[in-house]
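[1] Attaching a predicted model along with its sequence, questions to come.
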Amino acid sequence: MLALLLSANAYSQNWDIDLLKEINLERNKSLDPSFKFITNSVSPMSIGAPIAVLGLGLIHKDSSLKSKGIFMVEALCVNAITTTALKLAFKRDRPFVTYPYLDKQVEAGSYSFPSGHTSSAFALATSLSLAFPKWYVIAPAYLYASAAGYSRMHLGVHYPSDVLAGAIVGTGSALLSNYVQQKFTKSRKKKALRL
């Protein structure tokens, strides 16, 4: 049984690095500036979009927009806490540390698993999609999040499994925040009806 588990673990690690080598070492280098731009835009977008929605809600005294902004900020916070906790729990080295022949194109700190850029991008995409459920919001949001995740592998700073985990954490953080906010809103409405 132990031999089977060890062999499955070795296979999954081989798959992870083999796919990363293909993406990173065989990449179209003319796309490097575009993927660097996408990678560098994740933090400003993930912070700026929720604050912009919340700010517009406050400026226009629109309680619905304000509520959507608060939800998006909550999703961002849940995502940041979860991602940081997982990074500290797993303490996985970056792929370029373990495999120095990878072509690292951007600076990367902290641990590798899960991808924080990917989790932030997917938390943003999911919270935007839940707040504004229109195809013209959903499609570009998830296209951007997917490009952000791919950029981390293209630039040599994350394994595919880091990116996959980041997408799951980001999406899950937004879904959880939405669920909690809906429960809280229903509870407040019930209390208001009793009064």
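    Perfect, thanks for sending it.
[2] Every contact and neighbour count from this point should use C-alpha atoms.
    Will do.
[3] Give the helix, strand or coil label for residue 61.
    Three-state assignment for residue 61 (DSSP: H, G, I helix; E, B strand; the rest coil): coil.
[4] do you know how far it is from residue 109?
    Separation of residue 61 from residue 109 (Cα to Cα, to the nearest Å) stands at 40 Å.
[5] of these two, who's got more company?
    residue 61 (11 against 8; other Cα atoms under 10 Å).
[6] Backbone dihedrals for the more buried one, please?
    phi 50, psi 40 (degrees, to the nearest 10).
[7] Could you pull up the residues touching the residue nearest the centre of the chain?
    Residue closest to the average C-alpha location in the chain (Cα atoms, centre = their mean): residue 119, at 1.5 Å. With contact set as Cα atoms under 8 Å, 6 or more residues apart in numbering, residue 119 has these partners: 79, 83, 163, 165, 166, 167, 168, 169, 170, 171.
[8] quick one, longest helix in the protein?
    helix 160-194 (DSSP state H).
[9] what angle do the helix or strand in which residue 65 is found and helix 160-194 make?
    Here residue 65 sits within helix 63-90, counting by DSSP states H and E. Between the axes of helix 63-90 and helix 160-194, defined by axes from the mean of the first three to the mean of the last three Cα atoms, to 10 degrees, the angle is 140 degrees.
[10] Buried residues of helix 63-90, list them for me.
    Buried residues in helix 63-90, counted by 16 or more other Cα atoms under 10 Å: 65-80, 82-84, 86-87.
[11] Where does the residue nearest to the centre of the chain sit: helix, strand or coil?
    Strictly by three-state DSSP, residue 119 counts as helix.
[12] Which residues does stretch 131-145 contact?
    With Cα under 8 Å, 6+ apart, stretch 131-145 has contacts from 68, 118, 121, 122, 124, 125, 126, 128, 129.
[13] for stretch 63-79, same thing?
    By Cα under 8 Å, 6+ apart, the list of residues contacting stretch 63-79 from outside reads 46-47, 50-58, 119-120, 123-124, 127-128, 131, 169-170, 173-178, 181.
[14] Separate out the buried members of those.
    Buried, going by 16+ other Cα under 10 Å: 46-47, 50-51, 53-55, 57, 119-120, 123-124, 127-128, 131, 169-170, 173-178, 181, out of the contacts of stretch 63-79.
[15] SS state for residue 104?
    Classified using three-state DSSP, residue 104 is coil.
[16] Quick check: closest non-adjacent residue to residue 27.
    residue 154 (6.7 Å; Cα to Cα, 6 or more residues apart in numbering).
[17] No more questions from me, cheers.
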